[in-house]
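*Asks:* what follows is a predicted structure for the sequence shown.
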Amino acid sequence: MSAALSSVSPDEESIAVAAQALPRVQEYLRTHASGPAIVRVVDDGDGTELVVPRGAVELLARILAHMANGHGVSVVPEHAELTTQQAANLLNVSRPYLIGLLESGEIQFRKVGTHRRVLAGSVLAYKHRDDMRRRVAADELAQLAQDMDLS
């Protein structure tokens with residue numbers, strides 16, 4: 001797996017630390033609605049402040065939530081080029097199914113010789129579109145069940 005897809009699997013200590021840090025990060029995000037975040041780094045007692053973009057803190061909160069639940073986490077830059085197997089793994093589908101998505105135009109890709117390369121951003125955009133389609137379909141089914149008094 002490339003460095004762009006390296007993951008972190010938390011051990012027991014990391015799970016406990018993430019679970020302790022998560023509420024503090026979430027509280028910070030609730031009480032500071034906008035703007036960059038100021039993180040105090042206590043290394044040698046000097047209390048150095050580090051200013052980071054809000055998006056990075058929001059991403060940190062999601063990472064901590066997964067780690068606190070014992071799940072491994074990967075951060076993939078949108079511009080990272082993935083092999084078809086890496087892209088299939090990201091979508092949790094088989095490689096042949098992914099190839100079908102590529103060939104049907106659902107996900108953009110390029111060829112490098114005989115190999116297909118897929119931008120992580122294209123895979124994530126497809127995943128978002130697919131999730132939205134599923135959500136709409138589920139909402140329609142729920143509405144139908146309610147209309148038919150089946151709920």
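*Replies:* Thanks, I have it.

*Asks:* domains for the protein, by residue range?
*Replies:* 6-74, 81-147 (automatic domain parsing).

*Asks:* now render those as CSV, adding mean neighbour count.
*Replies:* Glycine gets a C-beta too; all of them are placed from N, C-alpha and C. Output for those, formatted as CSV (neighbours: other Cβ atoms under 10 Å):
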stretch, mean neighbour count
domain 6-74, 13
domain 81-147, 14
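
*Asks:* how about the helices in the protein?
*Replies:* Remark: helices assigned in the chain by DSSP state H are 12-31, 54-68, 84-91, 95-103, 120-147.

*Asks:* can you lay out the ones you listed as TSV showing distance to A37 and mean pLDDT?
*Replies:* Shown next, in TSV, are these (distance: least, Cβ to Cβ, whole Å; pLDDT from 0 to 100):
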stretch	distance to A37	mean pLDDT
helix 12-31	7	93
helix 54-68	4	93
helix 84-91	28	93
helix 95-103	37	97
helix 120-147	24	92
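
*Asks:* reformat the ones you listed as TSV; add distance to S6.
*Replies:* Output for the helices of the chain, formatted as TSV (distance: least, Cβ to Cβ, whole Å):
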stretch	distance to S6
helix 12-31	15
helix 54-68	14
helix 84-91	12
helix 95-103	20
helix 120-147	13
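
*Asks:* what sits against R116?
*Replies:* Contact partners of R116, counting by Cβ atoms under 8 Å, 6 or more residues apart in numbering, are 83-84, 99, 102, 109-110.

*Asks:* return the distance of it relative to G35.
*Replies:* 41 Å (Cβ to Cβ, to the nearest Å).

*Asks:* go on, D131?
*Replies:* 29 Å.

*Asks:* mind listing what the spatially most central residue of the chain touches?
*Replies:* Central residue check for the chain by Cα atoms, centre = their mean: the C-alpha nearest the mean position is that of V75, 7.0 Å away. By Cβ under 8 Å, 6+ apart, the contact set of V75 is 59, 63.

*Asks:* apply 7 Å and report the result again.
*Replies:* By Cβ atoms under 7 Å, 6 or more residues apart in numbering, the contact set of V75 is empty.

*Asks:* tell me, what's the model's pLDDT at it?
*Replies:* pLDDT for V75: 85.
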